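A.B. asks: Curious how this folds, go ahead:
(chains A and B)
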2 protein chains.
Amino acid sequence: MGTSGGGVRPVFGAVEGGGTKFVCMVGTSPSDVVDEITIPTTDPVETIGEVIAFFQRPRPDVQLMAVGVATFGPIGLDPNQSTYGCVLKSTKEHWSGARILAPLSRRLGVPLGWDTDVNGSVLGELRWGAARGLDSALYLTIGTGIGGGIAVNGEPLHGLMHPEVGHVPVPTLDGDSFPGICSFHGRCLEGVACGPALAARAGRPVPEISADDPIWDLEARYLAYGISAALLVVSPKRIILGGGVMHQRHLLPKIRRDLVEVLNGYVDMPELREGIDSYVVPAELGQKAGLYGALVLAERALASIGKVPFSSGREVE
Amino acid sequence: MGTSGGGVRPVFGAVEGGGTKFVCMVGTSPSDVVDEITIPTTDPVETIGEVIAFFQRPRPDVQLMAVGVATFGPIGLDPNQSTYGCVLKSTKEHWSGARILAPLSRRLGVPLGWDTDVNGSVLGELRWGAARGLDSALYLTIGTGIGGGIAVNGEPLHGLMHPEVGHVPVPTLDGDSFPGICSFHGRCLEGVACGPALAARAGRPVPEISADDPIWDLEARYLAYGISAALLVVSPKRIILGGGVMHQRHLLPKIRRDLVEVLNGYVDMPELREGIDSYVVPAELGQKAGLYGALVLAERALASIGKVPFSSGREVE
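C.D. replies: Next up is the predicted model:
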């Protein structure tokens, strides 16, 4: 990337929007962070106002070329609909219908990239993390909820909306009477295997469940079922697992073992036999995956000026 | 498309390879079929030999520009591996490891397109059938087996291999003690909902199960679970259902109803409420979807000369 003249260096802005905080950065890569801030998630007017103020701070040495936003969903991704750039019906108070891109565009006047937090994470992991060099991966976060982002041909997967993955149906294991906690589906994958489901099943917080508790065998098997569904549908070239529950380091080997068992040889690829340890891998960028992925979204927005709303590249006011 | 001079018109060849027959055609679209043949599936040498002989027949008015092959799988799709153009480990006798594209390339000397039968079907339905005008769809065939093809951005979805969909895990419905018939997974979607599973459950052939038999309620609910998994992973813009079991016309409305119930409002899109009848639709091209999709594969092969093996466009011997 060249400079834009006068010693002013072109940079991108990145936003990862989460349920408790919005993290913003200015820079071009994980090793080139010019500025960063963490903003608590309150209501859209206040939070987005602080995001805008961060990007409007005077930074004489750099010029903001585009901003990427990777946020909790569901979000509107169809450039032909009025919901583009908005949060859709959300369980997060104040945020259903919130317009994110419109105020950013009005105040910052640069092209804007836009996707889910987990689609952002898979882009970040493809560029700088656990799927470097590949053009296809599934990123699954297992934490307060379960959600998946998918890249195909190097691009975030979109369709009717975006990948979701967390609420896929799973079989009930023999003897498991836990009713699940999903308010929509009861015993979907998220309902039986997210962090709060684990805690409800155990009757104590996840970090207090010992590594040899048999609850982890159930957890690994349910996750293996959910991952096998995603694998059989979209056939990613790598599967990346992140989120708070995966901080339990003993869980990943159990998930790999169970995924091989659940598939039972049906998909006859070395990645699902002796190569399983390099096929199902931990996230490398940790909590920053979505933020770094938002840098990639910014870069893509700059490259697609005129193709989507909020990419007009108007001058900064 | 222009002519190639001398009144000789450029055309494509298409092959749909199935477990019982290979159907081949020469033409450019469903309304422009120059020639067609049905060849019984025996062993690869004999069957592929007859396919080659069909395309080598003298046809003075047309010139074969490329051939597309959509076949039963699993198949090798990675141009960097030796298995490209081959059937992988297959339950079909004689066909594990069979080389399909190599002999076609050697004898026909034209660029060759290559994909699964169901990825072919989704391409055919996108171009001429139930998903005209869209760039994203899931095609699910429910017959002797269950299998899915997926298009994203107008292209067949590939990754580690290709979409599979049929063997996704599904919950067991209350009181259902049927053990499933899948030799790999017992009670996966195919194991409980393919045609032979229906017949085994009913104790009689599928066409003899009356439309008011409660077995269809189980069938619809299991299919809804499997479809919901695919929907939550890949978010297709349309879902197309084909295959012999779908000839039971009363089944489709039950599947639509159950899909809405299973999702339970979680995906808040009109397509999954009042728009369900135009979101989950029957295949329009019937048994010809894969064959017509193979025409699209041929067209793509011609456009990508040099990018993949068997696209070198060598002269006909």
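A.B. asks: helix, strand or coil for the residue most central in space within chain A?
C.D. replies: The structure's chain A has its C-alpha centroid closest to A:Val118; by C-alpha atoms, centre = their mean the separation is 1.4 Å. Three-state assignment for A:Val118 (DSSP: H, G, I helix; E, B strand; the rest coil): helix.
A.B. asks: Chain neighbours aside, what residue packs nearest to it?
C.D. replies: A:Gly149 (3.2 Å; C-beta to C-beta, 6 or more residues apart in numbering or on different chains). In this view, the C-beta of every residue, glycine as well, is placed from N, C-alpha and C.
A.B. asks: where's that neighbour relative to B:Arg300, distance?
C.D. replies: For A:Gly149, the distance to B:Arg300 (C-beta to C-beta, to the nearest Å) stands at 27 Å.
A.B. asks: Same check on A:Gly27?
C.D. replies: From A:Gly27 to B:Arg300 the distance is 39 Å (C-beta to C-beta).
A.B. asks: So what's the residue count around the closest residue to chain B within the stretch 51-200 of chain A?
C.D. replies: In the stretch 51-200 of chain A, the residue found nearest to chain B is A:Gly159; the distance is 3.7 Å by C-beta to the nearest C-beta. Neighbourhood size, A:Gly159 [other C-beta atoms under 10 Å in any protein chain shown]: 23.
A.B. asks: Return the residues in contact with the residue lying closest to it once chain neighbours are set aside.
C.D. replies: Leaving out its chain neighbours, the residue that sits closest to A:Gly159 by C-beta to C-beta, 6+ apart is B:Ser235, at 3.7 Å. By C-beta atoms under 8 Å, 6 or more residues apart in numbering or on different chains, the contact set of B:Ser235 is A:157-164, B:136.
A.B. asks: ok, now with 10 Å
C.D. replies: A:77, A:150, A:157-165, B:136, B:138, B:152, B:267, B:269 (C-beta atoms under 10 Å, 6 or more residues apart in numbering or on different chains).
A.B. asks: all strands for chain A, in order.
C.D. replies: Counting by DSSP state E, chain A has strands at residues A:9-17, A:21-29, A:32-40, A:62-71, A:112-116, A:137-142, A:146-152, A:155-156, A:239-242, A:280-282.
A.B. asks: Tell me the buried residues in the top helix by length along chain A?
C.D. replies: Longest helix of chain A, by residue count under DSSP state H: helix A:215-234. Across helix A:215-234, burial judged by 16 or more other C-beta atoms under 10 Å in any protein chain shown covers A:216, A:218-234.
A.B. asks: Quick one: mean pLDDT for it?
C.D. replies: For helix A:215-234, the mean pLDDT works out to 98.
A.B. asks: For A:Thr144, see how far away the residue nearest to the centre of chain A is.
C.D. replies: 13 Å.
A.B. asks: hey, what's in contact with both of the two?
C.D. replies: By C-beta under 10 Å, 6+ apart, the residues touching both A:Val118 and A:Thr144 are A:Gly243.
A.B. asks: hmm, back to that, would CSV of the strands of chain A with mean pLDDT be doable?
C.D. replies: Formatted as CSV, those follow (pLDDT from 0 to 100):
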stretch, mean pLDDT
strand A:9-17, 97
strand A:21-29, 97
strand A:32-40, 98
strand A:62-71, 97
strand A:112-116, 97
strand A:137-142, 98
strand A:146-152, 97
strand A:155-156, 96
strand A:239-242, 98
strand A:280-282, 98
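A.B. asks: could those be laid out in a markdown table, adding distance to A:Val87 and mean neighbour count?
C.D. replies: A markdown table is the format used below for the strands of chain A (distance: least, C-beta to C-beta, whole Å; neighbours: other C-beta atoms under 10 Å in any protein chain shown):
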| stretch | distance to A:Val87 | mean neighbour count |
| --- | --- | --- |
| strand A:9-17 | 9 | 26 |
| strand A:21-29 | 12 | 20 |
| strand A:32-40 | 16 | 15 |
| strand A:62-71 | 7 | 25 |
| strand A:112-116 | 10 | 29 |
| strand A:137-142 | 18 | 29 |
| strand A:146-152 | 14 | 29 |
| strand A:155-156 | 17 | 21 |
| strand A:239-242 | 22 | 25 |
| strand A:280-282 | 29 | 20 |
